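# Give me coordinates for this.
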Amino acid sequence: LDAGSRQEDGTYRLRGLAEGPLEVRARAERDGRTGRASASVLVPNQAVLELALEELALTLHGTVVDSSGQPIAGVQVTLAHETTAIFDMQTSDAVGAFEFRGLEPGPATVFAQSSEHLLLPRNGKGQRITIVPDMPPLELVLEALAVVRGQVLDPAGVPVAFAHVLGGGAPPRPADEWTDANGRFALLAAPGRRVLYALADGFARAPDRRVWLEAGEVLEDIVLRLRPACRVVGRVLGADGAPTPEATLMVGAGRRALDAGGAFELDDLPPEPVVFVVNDDDGGVAIQEVTPRVGQETRVELRFLPRSPVHVRLHVTDLGRPVEVEATLTTRGFQRRAKSAGGRLELDLQTPGLWRGVLTRSSATRDDLTAQFLFELVVPDQDSHATELDLEFLTKPASQEDLAAWLHN
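Numbering: from 1, shown residues only. Below is the predicted model of the structure:
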C-alpha cells in the first residue's frame, strides 16, 4: 500500500482520502513469492475493501557485461514497469548476473549504473523490454566512461578554484565536477559528442568546448577560460505596452526568470553578442541581439507585435493521398505548431504575411531529415485561406542547420 497502516493479520487502514473514485493497490512478498492486488473504490460510499492477492510468477534473468563481453559485478540494475509504475532494483553478482522475481507482464524499461563508471549505450536512456512468460535472459552491455582532465582559468589566465564543470553526460558525481585549489578538474564523461563548459561566481560562462570521446578514453589538458561578467537589465512588454511576466525568456542556452513586472536583471553575461528570445503562450516571439560591455549596465526592451488573427486550412498529400504530418510555421514575431487529422490542418495564424514552414511525417522523428519538407505560405489578408500541399513537390532540408536557417531567416 502506498499509504496507510498495515496490521499483522492483513488488515489495513487508509486515512485522509479525497472523495471520489480511487484505485487501491497492494503488493506483498513472502518466502520468495510475490502477490499483487488492485481494486476500485468510491470514497466515502465504500468503507471496507477486501483485496485478494494474485501471485506473480514471472521472472527476468540477465547479466551485465562490458563491451568485450566480460561480466561486471556491483552494477545497480533498475527495472521500471510502465503499466504499474513500480520500480525494482537489483545488484549484479560476482559473475554479472541479476534476477527480478514476481513481475507482471507488460512493457518495462531496464536501466543500469555502475560504481565502476560504466554507462549503458545511448547515454543511459535504458533498454525497452516486454515482460512475458519464459523470457530469454537479458544481456546489458555497458561502455566505459571517458575521463576529461583540464583546468579552468579566469580572463587573465589565473586558475579558478571551485568552478563548476559540466557537459559530461555521465551519471552525476558532484565531487568530479568542481575544480580544486589549482583550478584543475577530472570529469567523467559519456562516450560520444560532448559539449563542455564551466561556471563560476563573478564570471560569465566559459565558451563551449566540443569534444568527441571514445569509451574509456582519457582526454588531457582541456582549458576552459571564463569570460568577464557583464550586467544587463530589461523588461518584456506585450503589444499594448503592458508588462508580460508570464512570458518565457531564453538567453543563450538558459531560461531566465521575469519578475511580476516583466523585468529581469542578469549579471553573468559575456561581453559579446547575446541573443534574447522571449515566447508567450500563444506563439508570440520577440528577439533582440545585444552586446553587453564590461563595467557598464546595458538595457534592453523586448516587445511583442500586435496580432491580426487569420484562419488557414492546409490539406497535405503525398502522391495525391492524404498524409499525417506535424507542421511548424514561423514569420517575424510569431510561430505556430499543429498536427493534421486525415491530412488536414486548421489553425489560426497570428498575422497575415509570408510564413515559412516545415512538415514532418507524424511517424518520423524530428532528426529524420528524409521525412521533413520545406514550404512557404503567403497569407495576403485577414480572410480565411485554404492551401493544398503535396510532399512530392516540396524541398527537403540538407541538414539541421539548413532547417533552422529556413525557419529563422
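
# dump the residue contacts of residue 263.
The contact partners of residue 263, by C-beta atoms under 8 Å, 6 or more residues apart in numbering, come to 233, 234, 235, 236, 243. For the C-beta atoms, the positions are set from N, CA and C on the backbone; glycine is no exception.

# would the fourth one count as being in a strand?
Yes. Residue state for residue 236 (DSSP: H, G, I helix; E, B strand; the rest coil) corresponds to a strand.

# Quick check, it in contact with residue 247.
Yes. With contact defined as C-beta atoms under 8 Å, residue 236 and residue 247 form a contacting pair (5.1 Å).

# okay, and the common contacts of these two?
258, 262, 278, 304.

# ok, of those, which one's closest to residue 363?
residue 278 (33.1 Å; C-beta to C-beta).

# For the helix or strand containing the closest one, which residues meet the burial criterion?
Using DSSP states H and E, residue 278 maps to strand 274-279. Buried residues in strand 274-279, defined by neighbour count with 16 or more other C-beta atoms under 10 Å: 274, 276, 278, 279.

# circling back: tell me the most packed of the shared contacts of residue 236 and residue 247, by neighbour count.
Neighbour counts for the shared contacts of residue 236 and residue 247, by other C-beta atoms under 10 Å, peak at residue 278, which reaches 25 neighbours.

# circling back to that earlier point, give the partner strands of the strand holding residue 278 in its sheet and their orientations.
Sheet pairing for strand 274-279, assigned by DSSP bridges, gives strand 248-251 (antiparallel), strand 285-290 (antiparallel).

# Pipe these into TSV and attach mean pLDDT, distance to residue 364 and mean neighbour count per row.
Output for the strands paired with strand 274-279, formatted as TSV (pLDDT from 0 to 100; distance: least, C-beta to C-beta, whole Å; neighbours: other C-beta atoms under 10 Å):
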stretch	mean pLDDT	distance to residue 364	mean neighbour count
strand 248-251	92	26	17
strand 285-290	92	25	16
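
# do you know which of those lies nearest residue 214?
Of all the strands paired with strand 274-279, strand 248-251 comes closest under C-beta to C-beta, at 33.0 Å.

# Let's see that closest one as CSV, backbone CA atoms only.
What follows is strand 248-251, C-alpha atoms only, in CSV (Å, rounded to 0.1, in the frame of the first residue of the first chain):
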residue,chain,number,x,y,z
THR,A,248,9.4,32.7,-21.1
LEU,A,249,12.8,34.4,-21.5
MET,A,250,15.7,32.5,-23.1
VAL,A,251,19.2,33.9,-23.0
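
# Run the chain-centre distance for it.
From the chain centre to the centre of strand 248-251 is a distance of 17 Å (C-alpha atoms, centre = their mean, to the nearest Å).

# hmm, who's touching the following helix or strand past that strand?
Note on strand 248-251: by DSSP H and E, the next helix or strand toward the C-terminus is strand 254-256. Here strand 254-256 makes contact (C-beta under 8 Å, 6+ apart) with 248, 249, 250, 264, 266.

# Can you pull out the low-pLDDT segments for this structure?
1-9, 29-38, 46-47, 49, 51-56, 115-125, 171-176 (pLDDT under 70).

# how close does residue 194 get to residue 219?
Residue 194 is 10 Å from residue 219, where distance means C-beta to C-beta, to the nearest Å.

# Show me whatever sits in contact with both of those two.
In contact with both residue 194 and residue 219: 148, 211, 213, using C-beta under 8 Å, 6+ apart.

# ok, the second one touching residue 217?
When you say that, I think you mean residue 211. No. Shown here, residue 211 and residue 217 do not form a contact pair, counting by C-beta under 8 Å, at 9.5 Å.

# thinking again about what came up before, so which of residue 236 and residue 247 has more stuff around it?
residue 236 (25 against 20).

# how about the residue nearest to that one when sequence neighbours are not counted, phi and psi?
Distances taken as C-beta to C-beta, 6 or more residues apart in numbering place residue 262 nearest to residue 236, at 4.4 Å, with adjacent residues excluded. Torsion angles at residue 262 (phi, psi; degrees, to the nearest 10) stand at phi 70, psi 10.

# so what's residue 262 up against?
Contacts of residue 262 (C-beta under 8 Å, 6+ apart): 235, 236, 237, 243, 244, 245, 247.

# Show me what the host helix or strand of residue 80 is packed against.
Using DSSP H and E, residue 80 falls within strand 75-81. Using 3 or more C-beta pairs under 8 Å, 6 or more residues apart in numbering; DSSP states H and E, the elements in contact with strand 75-81 are strand 58-66, strand 87-91, strand 97-103, strand 106-114, strand 138-144.

# With distance to residue 12 and mean neighbour count added, can I get these in JSON lines?
What follows is those, written out as JSON lines (distance: least, C-beta to C-beta, whole Å; neighbours: other C-beta atoms under 10 Å):
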{"stretch": "strand 58-66", "distance to residue 12": "26", "mean neighbour count": "20"}
{"stretch": "strand 87-91", "distance to residue 12": "22", "mean neighbour count": "14"}
{"stretch": "strand 97-103", "distance to residue 12": "20", "mean neighbour count": "18"}
{"stretch": "strand 106-114", "distance to residue 12": "26", "mean neighbour count": "18"}
{"stretch": "strand 138-144", "distance to residue 12": "35", "mean neighbour count": "18"}
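
# so which of those gets nearest residue 285?
Smallest distance to residue 285 across the helices and strands packed on strand 75-81 (C-beta to C-beta): 35.7 Å, for strand 106-114.
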